[in-house]
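1. I'd like to go over a predicted model; first the sequence, then the structure.
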Amino acid sequence: MTFGVGVGIAGACVAYACGHFLLASRQMALVQSDQVELTGNHYVTRGNVLGIFKADQGRSVLRIPLDERRRQVEAIPWVSAAIVRRALPNEIEVEITEREPIAFLRQGSDLALVDIHGVMLDSPLKANFHFPVVTGIHEDMTPAERERRMQLFAGFTQQVELTRAGAMEQVSEVDLSDASDLRATIAGLNGDKAFSGSSSWTPADSPVLVHFGNNDFGTKYRTLLDSIDQWRAKTGRVESVDLRFNGEAIVNPDTSPVQQVAPRFVAARAASKPVARRHAAKPVHTARKNPKRKKSHSGN
């Protein structure tokens, strides 16, 4: 019995010593910032991530709640997903996947970035992006609705680029306010050399507002390229084109009453009387300021 009691006491002492070493010793503690290894970041600053682990300073890495810290890292707007794991004896590894912006988002006078899921992102100070501007997405929309409209934009981008490489270079703005009618402002269509095999156009040419609807963007864009010279010859300057109707095109519908169009052919219509023309904004390619604005988070 004495031997058994002695063994039990010795085992308890060993277990206590091991537990103390693992949970309370300095050798297992997160003490220095360089004990947090961060990978995968380009726009997320190291300081933003280290701030999340500030509460763990001096604590054993075994006592750090990894799931909670992962959720906190993923709450950073630019972070799409994160992995947080321990690297014994005393390090934490954080691997993040950043969001990829695909457009500038204009809300009033503010200009931010937005990804394919509709998550709004502040522009990093040390970055230079080249995207068209999208409008019609607001913070009061549900995350699902913002994502649906940005998926529509992404589909449009992919299809017109497959139809003509570099096509998005001439798209200055895309209006997503109506989910059933994507409207794109395109430059270079009124030039003498528009789409003649060269990617150049005259900057002075006024852009054209094109109604694409919500599907079959590639076919409609090809119709635009193939027919713009013919339409311009018949109507003069083309200010807008409505391509929402299969096999049909209505030219300058925003400046004249829209009449019934016979099916199965392409019809070009011009305004019957001179009207004041509206000119779309010039292409916007980069944002050089970081506006202060309230961040919006996705439910992803």
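-> Cool, got the structure.

2. low-scoring stretches of the stretch 1-150 of the chain, by residue?
-> Filtered on pLDDT under 70, the stretch 1-150 of the chain yields the residue ranges 3-27, 125.

3. for it, what spans make up the strands?
-> Ranges of strands within the stretch 1-150 of the chain are 36-39, 79-87, 91-98, 101-107, 110-115, 120-121, 133-135, based on DSSP state E, counting those that start in this stretch.

4. The first one pairs with which strands?
-> In the sheet, strand 36-39 lines up against strand 91-98 (parallel) (DSSP bridges).

5. Next, the buried residues of the partner strand.
-> Residues of strand 91-98 classed as buried: 92, 94, 96, 98 (neighbour count, 16 or more other Cβ atoms under 10 Å). (C-beta placed from N, C-alpha, C; glycine too.)

6. Going by residue numbers, what spans are helices in the stretch 101-250 of the chain?
-> 143-163, 217-235 (DSSP state H, counting those that start in this stretch).

7. Among the ones you listed, which comes closest to residue 181?
-> Nearest of these to residue 181, taken as Cβ to Cβ: helix 143-163 at 10.0 Å.

8. pull the CA atoms of that closest one into PDB?
-> Taking Å, rounded to 0.1, in the frame of the first residue of the first chain, the C-alpha atoms of helix 143-163 are listed here in PDB:
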ATOM      1  CA  PRO A 143     -25.300  40.100 -48.900                       C
ATOM      2  CA  ALA A 144     -27.000  37.600 -51.100                       C
ATOM      3  CA  GLU A 145     -28.400  40.300 -53.400                       C
ATOM      4  CA  ARG A 146     -25.000  42.100 -53.600                       C
ATOM      5  CA  GLU A 147     -23.500  38.800 -54.600                       C
ATOM      6  CA  ARG A 148     -26.100  38.100 -57.200                       C
ATOM      7  CA  ARG A 149     -25.500  41.300 -59.000                       C
ATOM      8  CA  MET A 150     -21.700  41.000 -58.900                       C
ATOM      9  CA  GLN A 151     -22.000  37.500 -60.300                       C
ATOM     10  CA  LEU A 152     -24.000  39.100 -63.100                       C
ATOM     11  CA  PHE A 153     -21.100  41.600 -63.700                       C
ATOM     12  CA  ALA A 154     -18.500  38.700 -63.600                       C
ATOM     13  CA  GLY A 155     -20.500  36.800 -66.200                       C
ATOM     14  CA  PHE A 156     -20.600  39.900 -68.400                       C
ATOM     15  CA  THR A 157     -16.900  40.400 -68.000                       C
ATOM     16  CA  GLN A 158     -16.000  36.900 -68.900                       C
ATOM     17  CA  GLN A 159     -18.300  36.600 -71.900                       C
ATOM     18  CA  VAL A 160     -17.300  39.900 -73.600                       C
ATOM     19  CA  GLU A 161     -13.600  39.200 -73.000                       C
ATOM     20  CA  LEU A 162     -14.000  35.800 -74.700                       C
ATOM     21  CA  THR A 163     -15.800  37.600 -77.600                       C
END
